[in-house]
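Undergrad: Predicted model, plus sequence, below.
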Amino acid sequence: MNRRLLLAAACAAVIPVAACSSPPPPAFDPGGPASTAPATPMATSSGPGSVVMPPFGKNAHVVMTDWMPKDAGMAKAVLADKDYELAFLYAEYTGGKSQDWTAYVNHTMELQVRALLAKPDVTGESFKGTIRIFKMRGDPRSAVPGDLDVSACFDNARAVNTSLSTGAVLPGQSPSNDNYYRFTDQLTQSPTGQWQVVGNYPLAYYPRAKECKP
């Protein structure tokens with residue numbers, strides 16, 4: 001997900017779980033789509049309990065942690081969050097065109113995220129390189145009883161924003177400590193038993209999130 005936009009979503013959270021601050025945005029935000037990417041992804045899963053990996057092009061890679069909790073109920077929530085993060089990144093990769101992420105959020109969150117994906121800095125951009133999501137953990141002690149918080153480290157130091165129309169690397173990008181941070185999504189279980197992302201907390205950047213920089 002475009003982490004600058006994710007922070008904006010946190011500040012307009014469906015559930016006000018924390019006060020929002022305004023840290024400087026990362027030097028690079030993984031932006032929208034690759035110019036050759038299809039508008040509708042054919043995301044695939046390698047089997048039960050596996051993430052749904054969108055069809056990123058050869059120029060872009062997302063390395064998702066294989067960590068899963070032993071608790072079966074928590075594992076379903078963690079898997080839903082992984083799929084959401086991958087689907088949102090693919091929406092950015094496709095300039096906001098892919099809609100797969102909507103399967104992992106509630107209605108209110110969908111409206112907020114849809115508005116963020118419609119912004120010009122998403123619709124006109126893509127990204128290439130490698131993004132890592134690692135050191136994930138689940139915490140049942142959410143601000144809302146019954147919900148679950150899922151967090152992970154995000155490293156986009158080896159990726160760059162590109163123009164959606166030309167594929168050229170956009171100017172003004174240089175790696176910094178802001179490329180390493182921890183995000184936290186808040187999930188709740190729907191009446192049908194499906195876990196959905198309903199909000200997120202403000203990002204924790206390095207060096208506050210010391211564990212997120214290799």
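TA: Arrived safely, thanks for sending.
Undergrad: Run through this protein and note the low-pLDDT ranges.
TA: 1-48 (pLDDT under 70).
Undergrad: Just list the residues touching residue 155, thanks.
TA: The contact partners of residue 155, by Cβ atoms under 8 Å, 6 or more residues apart in numbering, come to 131-134, 179-180, 212-214. (C-beta placed from N, C-alpha, C; glycine too.)
Undergrad: and the lengthiest helix in the chain, what does it pack onto?
TA: When the chain is parsed with DSSP state H, its longest helix is helix 72-93. Other helices and strands packing on helix 72-93, by 3 or more Cβ pairs under 8 Å, 6 or more residues apart in numbering; DSSP states H and E, are strand 52-53, strand 60-64, helix 107-117, strand 125-139, strand 148-163, strand 180-189, strand 195-200.
Undergrad: Name the residues of that helix that come out as buried.
TA: Within helix 72-93, the residues scored as buried using 16 or more other Cβ atoms under 10 Å are 74, 76-93.
Undergrad: hang on, the earlier thing: return the closest of the contacts of residue 155 with respect to residue 165.
TA: When the contacts of residue 155 are compared for distance to residue 165 (Cβ to Cβ), residue 131 wins out at 21.8 Å.
Undergrad: Pretty sure that closest one sits against residue 156.
TA: Yes - if you go by Cβ atoms under 8 Å, residue 131 and residue 156 touch, sitting 4.9 Å apart.
Undergrad: Show me which of those two is the more surrounded one.
TA: residue 156 (26 against 22; other Cβ atoms under 10 Å).
Undergrad: Residue 111 versus that one, what's the distance?
TA: 26 Å (Cβ to Cβ, to the nearest Å).
Undergrad: likewise residue 105?
TA: Residue 105 is 9 Å from residue 111, where distance means Cβ to Cβ.
Undergrad: Compare those two and say which is more crowded by neighbours.
TA: Per other Cβ under 10 Å, whichever of residue 105 and residue 111 has more neighbours is residue 105, with 24 against 11.
Undergrad: which residues pair with the nearest residue to the more buried one once chain neighbours are set aside across the strands?
TA: In this structure, residue 105 finds its nearest non-sequential neighbour in residue 197, 4.9 Å apart by Cβ to Cβ, 6 or more residues apart in numbering. Counting by DSSP bridges, residue 197 is bridged to residue 105, residue 187.
Undergrad: doesn't residue 82 make contact with residue 197?
TA: No - taking Cβ under 8 Å as the definition, residue 197 is not a contact partner of residue 82, at 10.9 Å.
Undergrad: count of residues packed around residue 206?
TA: Burial of residue 206 is recorded as 18 neighbouring residues (other Cβ under 10 Å).
Undergrad: Could you list which residues are in contact with it?
TA: Applying Cβ under 8 Å, 6+ apart, the residues near residue 206 are 177-178, 180-181, 212-213.
Undergrad: hmm, which of these are the buried ones?
TA: By 16+ other Cβ under 10 Å, the contacts of residue 206 give 177-178, 180-181, 212 as buried.
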